[in-house]
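1. model the structure of this input:
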Amino acid sequence: MFHRMIFICALAAPAAMAQDAGAVKAALQQKVGDVKQSIAKNQAQLKQYAWTETTEINFKGEDKKRTQNDCQYGPDGKVQKTPIGAPAPPKSRKGVKGKVVANKIDEMKDYMDRVGSLVKRYVPPDAQDIQASFQAGKAALTPGSGELVLSDYVKPGDKVTITFDTATKKLTTFAVATYLDEPKDTVTLKADFSSLPDGTNYLSQSVLNATAKKIQVTTTNSAYHKVGG
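-> Next up is the predicted model:
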């Protein structure tokens, strides 16, 4: 009798494991579907709005630049930005020291342009990219928190973590851990989402850290209003 019970348990264990694996996969598929649906819905709703984007750049702990843009979606579906206020006049630089400073500024601008191009591959979140990650077997749910984690999303070794409120069916955070040229050239981004009165979900603030250059870029979106409203 004892040996028979062991035999039955041995048969039952793989079945239970398969059942658990099936439940995990179903939960993952459901979460991916909900996230994709939420992104598509909000992208359509946001096209009715215009808003103000404020960008602040901090270098080595010091605030260096602050700019604002009026933003809204254009006919091509891309965000169009119009600067608010006149740009600050460039400071005159003379002599060898001035040339060194100018070269460093140009080098930093080139670096941040490359970082900006990299980040655009991650945000705003794209439903098709998330689906592709899921189909490639690169998606998983974090036990307990239920966060959706996407690995090798754009580059080998990168990671995207999505926090999704299952009750409201809305994104709350979208975090990226990636790099520019080499893994040591770390670039991270944390985006927080909020909701407008009509329920539209929008990216309220993002904080980008380019660790190698000690640069932090904080972007805040505010003053949302319906176009023509």
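
2. now stretch 188-207, how far from the centre of its chain.
-> 10 Å (CA atoms, centre = their mean, to the nearest Å).

3. can you check stretch 131-145 too?
-> Using CA atoms, centre = their mean, the offset of stretch 131-145 from its chain centre is 16 Å.

4. for that stretch, what does the pLDDT average out to?
-> Mean per-residue pLDDT for stretch 131-145: 93.

5. go through that stretch and flag the buried ones.
-> Buried residues in stretch 131-145, counted by 16 or more other CB atoms under 10 Å: Ser133, Phe134, Ala139, Leu141. Glycine gets a C-beta too; all of them are placed from N, C-alpha and C.

6. the second one and Gln30 touch, don't they?
-> No. Under the criterion of CB atoms under 8 Å, Phe134 is not in contact with Gln30, lying 11.2 Å apart.

7. using CSV, lay out the buried residues of stretch 131-145 together with distance to Gln72 and secondary structure.
-> Shown next, in CSV, are the buried residues of stretch 131-145 (distance: CB to CB, whole Å; DSSP: H, G, I helix; E, B strand; the rest coil):
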residue, distance to Gln72, secondary structure
Ser133, 30, helix
Phe134, 32, helix
Ala139, 33, strand
Leu141, 35, strand
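
8. could I get those residues as JSON lines with distance to Asp198?
-> Shown next, in JSON lines, are those (distance: CB to CB, whole Å):
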{"residue": "Ser133", "distance to Asp198": "30"}
{"residue": "Phe134", "distance to Asp198": "29"}
{"residue": "Ala139", "distance to Asp198": "30"}
{"residue": "Leu141", "distance to Asp198": "30"}
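
9. Thr220: which of those is nearest?
-> Ser133 (28.2 Å; CB to CB).

10. what sits against the closest one?
-> Counting by CB atoms under 8 Å, 6 or more residues apart in numbering, Ser133 touches Ala139, Leu150, Ser151, Asp152, Tyr153, Val160.
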